[in-house]
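[1] Here is my input, please return the structure:
(chains A and B)
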Amino acid sequence: MLNPLESVRRKVRLLILLSAARNAGLVPLPASRLHILAYLADVLSPVWNLDPYDGKVLKRPDGPFFPELQHDLDRLVGTGMATVTDVGHVSIGQERLQVSSSYSINADLSSDVLQYIEATPDEAVAAEFLRELMLAISAMSDEDIDRAFLQDATYSNKRAGSGTVIDFAEWTDTNFSALAADRIGQLVPTNAEVGPSEKVHLYFRHLQRRLHGGR
Amino acid sequence: MGANGLGKTTLITLLYRMLSGPFDIPNLTAGEELGSRRLEATALPPFVRSQFAGRVSDQAKTARATVSIIVGGRAVQIERKLNNLALLQVTVEGEIHANLNEDAYQELICRLAGVGSFGDFLLMLRYLVFYFEDRRALVWDQSAQRQLLRMLFLPPDQAKRWTEMEREILVEDSQVRNFQAVVGREEKSLNKNLVKAASASTLKVELEALEVLQENSREKIRALGEYTADLDNRRQQSRASFLASQQEREARFRAVEAAKLVAIQSRFPEKAATGRYILAHLMTEHDCLVCGTHVPDVAKEYTKRVESDECVVCATPLGQAEGIVEAREVADERVKRRTDALIAAERTLDGDRAANAVAEAEFDEHRRTLAVLEAETAERANRIDALALALPPSETAMRGQRDDLARLRAQFETRKENLAILRSEFAEFVAERTDDLLRQSEVIVSSFAEYASAFLSERTALTWSTYRARVGQTGDLIDFPSFGLEMTGSDFGDTVKRTGPADVSESQREFIDLAFRMALMRAATDNEAGTLIIDTPESSLDAVFAKRAGQVLLRFSNQPGNHLIVTSNLVEGSLIPTLVEGIKQKPNPKDRLVDLFVIARPTAAVQEEAEEYGRVRKRLLGDELI
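    Below you'll find the predicted structure:
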């Protein structure tokens, strides 16, 4: 059974994520890209001193995908707070399909919830983090975003093979991505302090360089 | 003379620091008796050395001061830097002593003043010559008196010997008390061990029982610990299976959903993607995405409409429109196969979910059990430690402790006896020196009566007496020489002993002490030459006493060789006119007045009220001195 409270938390997080994606010009978001963004948000949340919503992910060749999150996204469509376009599915082999529809936020129906979130200190910080994250990732092309997980320090860790669970915050706290973002922040040749926003921006720039053959 | 803030006290302090240099007797706090504190001159901390630097904006970098004094009949000039009180030069009878360090200066000044140590010299300045605002009273401080009498009336070597003997007793007294504390601790420890020995058998029984329990618990923890890795491994695998099943179920679900979607997409208006999405989901999962309700009957109805080529929403027959997918598409073999696969995936997911929950619960329970056992073991370990401490040491160790204590007691007794001998020698020494001091008492008593009668209406008399005090915190009391004050009061005719400053009025208090100082000076100096430096004496005087005070001060200053320096605010009353009259009788009267209204940097109040201050100055000083 799905935990109803967890489900509400995920729905709130989905609304914040969709709203931030809209601000960064990233909507409509295809389902696979939305799941990649949700994963990156989880794995980089320690840079902002936030706890991730989900501290684990099943490693798949096609990238991260969270069935419970998809379930909640479907519910948001049902309530009208999210809208769906390009409804469709894509085969992942052996008569198994993955939803490929694209999602946006319905600004009219979700505005009350978003305003309430902004007035709640903890959620407002989470919203600020997701806004920064989306702005940082919007500098990448759609193709690069869809492949970003391939160079992410945690997801690409060769010690975890496909089909195994990558645990970065549930039972362990081995989060190479957050460590890498911190380390990259320290390498900046300036005396000025590098804040969490800058670290996230620098981390995505680093991913982009690696996707194009750089180190 | 000046107003508040013009620098009267600074000038008096400057005079003192020119003589003391960067040294002083520590902790001479106003209002406290001198007691038996160490009378050794100690270097001042940097912030006190630079006290004058803070008064000016350039930190007195280049400021220097020179004081000219007569000490022991010799003319001495001392020059110091004002930013840190460093000694620059000392001249004695015109002979320059360049490059003199503080040690050499202190030795020189002590020799000239005829005192045994620089500490004594500073004590003399503070209790005899300088009368600062903090008013260190001498006549009521018997411990200070005994030091002053010693210093003024005994030859320097005897005075020094007195101090050394007193210091030796204080050091020894402190060590004996420390020793006593050590002996006390050892006695307590031995007693404790004796008590422990009495209850040892009960403690041993409890300790043995606890150690058995502890060993059992440790064995359980070890055994449980071996399972931890296995249980963790199991829950990791369960989680992986559960997540994989979730993914599988999702993929199977979306496959069925896709098939349903194909069937309904042409039965929906082109732009109603969200509607199609919701219906496809409902027909696949039988859950309403809008309200979350599980509605299999509704799903069945919608599926029937699709199969009958009716509008999914309103059931209107649609006919064979172009692009419409055949109804059998929905019910074909492929959909059935996909649905079967979904059902199988859901079964697996349910099983994996349950297995995952069990694995996690087992692991959590295992951790809880371990935590409880570990907490119990830690608590029991504390109790075992406490019991081990409560057990007595071995017989051999206790015998050793008894021997040690006996040795310590013997040493303690020896030191106590030594201390008693030191005290007795000192008491004898003081008794002999008191006879020497008694020879001076007559002059002191008569001089005091002379000075005091000019100031006080009451009949006053100094009486020579001994007071008993302890040197250190233990031991017998020793008789010391001292003077007491007797005085007639307004409601009793005979003289009555006044034991403290609270027994007399404020006006009387300061001038009784001044009279005592003047008397001591007269008795201590063959040529009657002495110096008094008094900071703002007018503050405690009423109008009548102010005039008398002025006259007493003039009488002191008129005695050959004496010097008097008085600072005063510009106050109405008789003190200033009386002193001014005295000055006018002397040669070069203008040189005898330091008028801070003329030479000091004016304060804001002085600038603002310049006219008023001018009028009062003229009235009090007269034209001759302005």
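[2] And the residue of chain A closest to chain B?
    Residue of chain A nearest chain B, by C-beta to the nearest C-beta: A:G78 (2.7 Å). Placement of C-beta: from N, CA and C, glycine included.
[3] so who does the residue nearest to that residue when sequence neighbours are not counted touch?
    Nearest residue to A:G78, sequence neighbours excluded (C-beta to C-beta, 6 or more residues apart in numbering or on different chains): B:L289, at 2.7 Å. Neighbour list for B:L289: A:D74, A:R75, A:V77, A:G78, A:T79, B:Y277, B:I278, B:H281, B:L282 [criterion: C-beta atoms under 8 Å, 6 or more residues apart in numbering or on different chains].
[4] what about the strands in the stretch 451-600 of chain B?
    Listed in chain order, the strands of the stretch 451-600 of chain B (DSSP state E, counting those that start in this stretch) span B:460-470, B:477-489, B:492-498, B:531-534, B:563-566.
[5] Kindly report the same for chain A.
    With DSSP state E as the criterion, chain A has strands at A:29-30, A:56-58, A:82-85, A:89-91, A:97-99, A:102-105, A:165-167.
[6] Dump those into TSV; add mean pLDDT as well.
    Formatted as TSV, the strands of chain A follow (pLDDT from 0 to 100):
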stretch	mean pLDDT
strand A:29-30	96
strand A:56-58	93
strand A:82-85	90
strand A:89-91	88
strand A:97-99	89
strand A:102-105	94
strand A:165-167	91
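[7] got TSV for the ones you listed, with distance to B:A546 and mean neighbour count too?
    Converted to TSV, the strands of chain A look like this (distance: least, C-beta to C-beta, whole Å; neighbours: other C-beta atoms under 10 Å in any protein chain shown):
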stretch	distance to B:A546	mean neighbour count
strand A:29-30	96	22
strand A:56-58	93	21
strand A:82-85	96	21
strand A:89-91	110	17
strand A:97-99	105	23
strand A:102-105	92	22
strand A:165-167	92	20
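[8] Could you dump these into a markdown table and include distance to B:D157?
    Formatted as a markdown table, these follow (distance: least, C-beta to C-beta, whole Å):
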| stretch | distance to B:D157 |
| --- | --- |
| strand A:29-30 | 102 |
| strand A:56-58 | 91 |
| strand A:82-85 | 104 |
| strand A:89-91 | 112 |
| strand A:97-99 | 109 |
| strand A:102-105 | 101 |
| strand A:165-167 | 88 |
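[9] Give me the three-state assignment for the residue nearest to A:G78.
    Of the three states, B:L289 takes coil under DSSP: H, G, I helix; E, B strand; the rest coil.
[10] who touches the residue of chain A closest to chain B in this structure?
    B:I278, B:H281, B:C288, B:L289, B:V290, B:C291, B:G292.
[11] same check, this time on A:S177
    Contacts of A:S177 by C-beta under 8 Å, 6+ apart are A:L40, A:V43, A:L44, A:D152, A:A153, A:T154, A:Y155, A:F168, A:Y203.
[12] pLDDT wise, what is it at?
    Looking at A:S177, its pLDDT reads 93.
[13] how close does it sit to A:Q151?
    10 Å (C-beta to C-beta, to the nearest Å).
[14] What of B:A461?
    From B:A461 to A:Q151 the distance is 104 Å (C-beta to C-beta).
[15] Which positions in chain A make contact with chain B?
    Residues of chain A lying near chain B by C-beta under 8 Å from any C-beta of the partner chain: A:56, A:58, A:60, A:65, A:67-68, A:70, A:74-75, A:77-80, A:83-89, A:92, A:95-99, A:101, A:163-165, A:171.
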